[in-house]
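*Asks:* here's a sequence, model it:
(one chain, ligands or ions: 1)
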Amino acid sequence: MTQAELISTAMALVAGGKGLLAMDESNPTCNKRFAKFGIPQTEVARRDWRDLIIMTPGLGKFISGAILYDETIRQTNKDGIPFVKTITGKGIIPGIKVDRGVKAIAGFPGEKITEGLDGLRNRLKEYIQMGARFAKWRAVFVIGNNLPSRGCIEANAHALARYAAICQEAGVVPIVEPEVLMEGSHDLQQCFGVTREVLHSVFDALYRQRVVLEGMILKPNMVIPGLDAPFQAAADEVAEGTIKCLRQNVPAAVAGIAFLSGGQSGELAAAHLNAMHVSHSSVLPWPLTFSFARAIQQPAMEIWGGMENNIDAAQQALYHRAGCAYSARQGEYSTKMETTMSKNRMSLNDIFDQLPQTHSQT
Ligand code: 13P
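*Replies:* Numbers count the residues shown, from 1 in each chain. This next block holds a predicted model:
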């Protein structure tokens with residue numbers, strides 16, 4: 001795999017005005033979400049859920065890449081067809097979560113370090129054979145009293161950069177995900193300050209580990225008040241703070257930026273991404289898109305509830321959320337899409353078919 005091929009995969013992941021679908025919840029996280037809706041927490045249920053997602057008709061119109069979990073990349077549907085084959089057949093690039101989750105970091109109470117570097121080189125070889133072309137590693141940072149600490153930021157930035165370098169050596173595009181968590185009552189300015197520190201350290205570490213910026217994608221949080229903040233910000237304020245922070249700290253050479261949703265509803269995440277494109281598209285040096293998990297999956301999971309009879313309705317809901325995220329990426333999202341059209345795939349198709357099929361920056 002040459003550097004040119006690596007860069008072309010990175011570009012393909014953010015091309016066509018599309019975005020990424022994160023469906024890489026670890027078994028414990030997936031089970032926790034299932035439990036909320038009374039869905040059995042079994043391998044079969046997880047397989048059925050992932051099958052429902054990837055079999056959603058028309059998903060490839062909006063989604064360029066799907067991030068899978070270790071269990072999922074090895075699974076097949078009921079007829080024995082590998083998920084990776086189905087995904088690839090729909091024109092979607094398969095990716096894989098390669099971190100091994102977050103653990104308490106010694107010496108830093110309340111903070112976490114992401115594990116998974118040991119053996120990564122060999123694990124990547126197997127994932128490539130199974131069809132993965134990109135990978136994801138997530139680090140988390142809490143905002144609190146004097147948190148995150150410098151030590152935690154630097155340790156996680158270093159791990160992210162080491163992971164990214166190992167991926168690129170293998171020809172796999174790294175999705176570098178430093179997530180400043182939404183939990184807490186901090187305001188937008190505090191989130192701005194912490195996100196700035198984190199991004200600055202991450203790009204310093206990426207530079208030191210000789211990561212090719214053109215062959216990687218950044219998956220950041222939006223700059224947004226905490227979930228328990230007394231005042232929430234308007235979409236325009238979130239858009240302005242986020243773009244300012246990214247423009248100050250993310251080199252223009254990065255292949256693309258794809259946001260996590262972080263606990264925002266699908267509607268809010270779409271409104272925020274939309275506002276960034278409506279008001280700031282002329283100053284964006286990188287393609288700016290989405291890599292949502294909950295903001296695309298959540299309503300569909302609730303409708304499905306583990307029942308075969310609900311598959312069609314759940315797929316319509318998933319299609320709807322993916323379509324709204326796609327529209328937001330073009331700056332064409334409106335709340336009208338949520339109200340009058342929400343449960344009618346034909347009407348949604350009418351709307352989405354009118355949207356531009358390519359993005360000016362791709
Ligand atoms: P959310 O969009 O639910 O935050 O998940 C994105 C993700 O991939 C977390 O690693």
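*Asks:* show the end-to-end separation of stretch 213-223, please.
*Replies:* 22 Å (C-alpha to C-alpha, to the nearest Å).
*Asks:* that one vs the ligand: in contact?
*Replies:* No - with C-beta under 6 Å from any ligand atom as the criterion, the ligand is not reached by stretch 213-223; the gap is at least 7.0 Å. Quick note: C-beta positions are derived from backbone N, CA and C, even for glycine.
*Asks:* burial measure for A35, as a count.
*Replies:* As a burial measure, A35 scores 11 neighbours (other C-beta atoms under 10 Å).
*Asks:* so the residue most central in space within the chain: helix, strand or coil?
*Replies:* What sits nearest the mean C-alpha location of the chain, by C-alpha atoms, centre = their mean, is S291, with 2.7 Å. Three-state assignment for S291 (DSSP: H, G, I helix; E, B strand; the rest coil): strand.
*Asks:* partners of it in the sheet?
*Replies:* Counting by DSSP bridges, S291 forms beta bridges with L20.
*Asks:* how close does it sit to S261?
*Replies:* S291 sits 9 Å away from S261, going by C-beta to C-beta, to the nearest Å.
*Asks:* in the stretch 201-350 of the chain, which spans are helices?
*Replies:* All helices of the stretch 201-350 of the chain, identified by DSSP state H, counting those that start in this stretch, fall at 235-249, 266-280, 294-304, 311-329, 336-339, 345-354.
*Asks:* what would these look like in JSON lines with mean pLDDT, distance to V211 and mean neighbour count?
*Replies:* Formatted as JSON lines, the helices of the stretch 201-350 of the chain follow (pLDDT from 0 to 100; distance: least, C-beta to C-beta, whole Å; neighbours: other C-beta atoms under 10 Å):
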{"stretch": "helix 235-249", "mean pLDDT": "98", "distance to V211": "15", "mean neighbour count": "19"}
{"stretch": "helix 266-280", "mean pLDDT": "98", "distance to V211": "25", "mean neighbour count": "22"}
{"stretch": "helix 294-304", "mean pLDDT": "98", "distance to V211": "28", "mean neighbour count": "23"}
{"stretch": "helix 311-329", "mean pLDDT": "98", "distance to V211": "25", "mean neighbour count": "24"}
{"stretch": "helix 336-339", "mean pLDDT": "90", "distance to V211": "37", "mean neighbour count": "14"}
{"stretch": "helix 345-354", "mean pLDDT": "63", "distance to V211": "35", "mean neighbour count": "14"}
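*Asks:* which among those is found nearest to the ligand?
*Replies:* The closest of these to the ligand is helix 294-304. By C-beta to the nearest ligand atom, the value is 3.4 Å.
*Asks:* how about that closest one and the ligand, any contact?
*Replies:* Yes - contact of helix 294-304 with the ligand (C-beta under 6 Å from any ligand atom) involves R294, A295.
*Asks:* tabulate the CA atom coordinates of that helix in CSV.
*Replies:* The C-alpha coordinates for helix 294-304 follow below in CSV (Å, rounded to 0.1, in the frame of the first residue of the first chain):
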residue,chain,number,x,y,z
ARG,A,294,-26.2,7.6,18.6
ALA,A,295,-27.4,10.6,16.5
ILE,A,296,-28.1,8.2,13.6
GLN,A,297,-29.0,4.9,15.4
GLN,A,298,-30.9,5.8,18.6
PRO,A,299,-34.5,6.4,17.3
ALA,A,300,-34.3,3.3,15.0
MET,A,301,-33.1,1.1,17.9
GLU,A,302,-36.0,2.2,20.0
ILE,A,303,-38.5,1.5,17.2
TRP,A,304,-36.9,-2.0,16.6
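*Asks:* what residues does the stretch 151-300 of the chain put near the ligand?
*Replies:* So far as C-beta under 6 Å from any ligand atom goes, the stretch 151-300 of the chain lies against the ligand at E177, L260, S261, G262, F292, A293, R294, A295.
*Asks:* list the contacts of the residue in the stretch 51-200 of the chain positioned nearest to the ligand.
*Replies:* At 4.2 Å from the ligand, R138 is the closest residue in the stretch 51-200 of the chain, using C-beta to the nearest ligand atom. Taking C-beta atoms under 8 Å, 6 or more residues apart in numbering, we find R138 in contact with K97, D99, V102, T114, E177, E179, K219.
*Asks:* if you skip the residues just before and after it, what's nearest to the first one?
*Replies:* Put plainly, it is K97. Leaving aside its sequence neighbours, K97 sits nearest to D24 (C-beta to C-beta, 6 or more residues apart in numbering; 3.8 Å).
*Asks:* doesn't P94 make contact with that neighbour?
*Replies:* No - D24 is beyond contact range of P94, at 10.7 Å (criterion: C-beta atoms under 8 Å).
*Asks:* which residues do those two both contact?
*Replies:* Shared contacts of D24 and P94 (C-beta under 8 Å, 6+ apart): L68.
*Asks:* what sits against the residue of the chain positioned farthest from its centre?
*Replies:* If you look at how far each residue of the chain sits from its centre, by C-alpha atoms, centre = their mean, the farthest one is G107, at 29.8 Å. Residues in contact with G107 (C-beta under 8 Å, 6+ apart) are G151.
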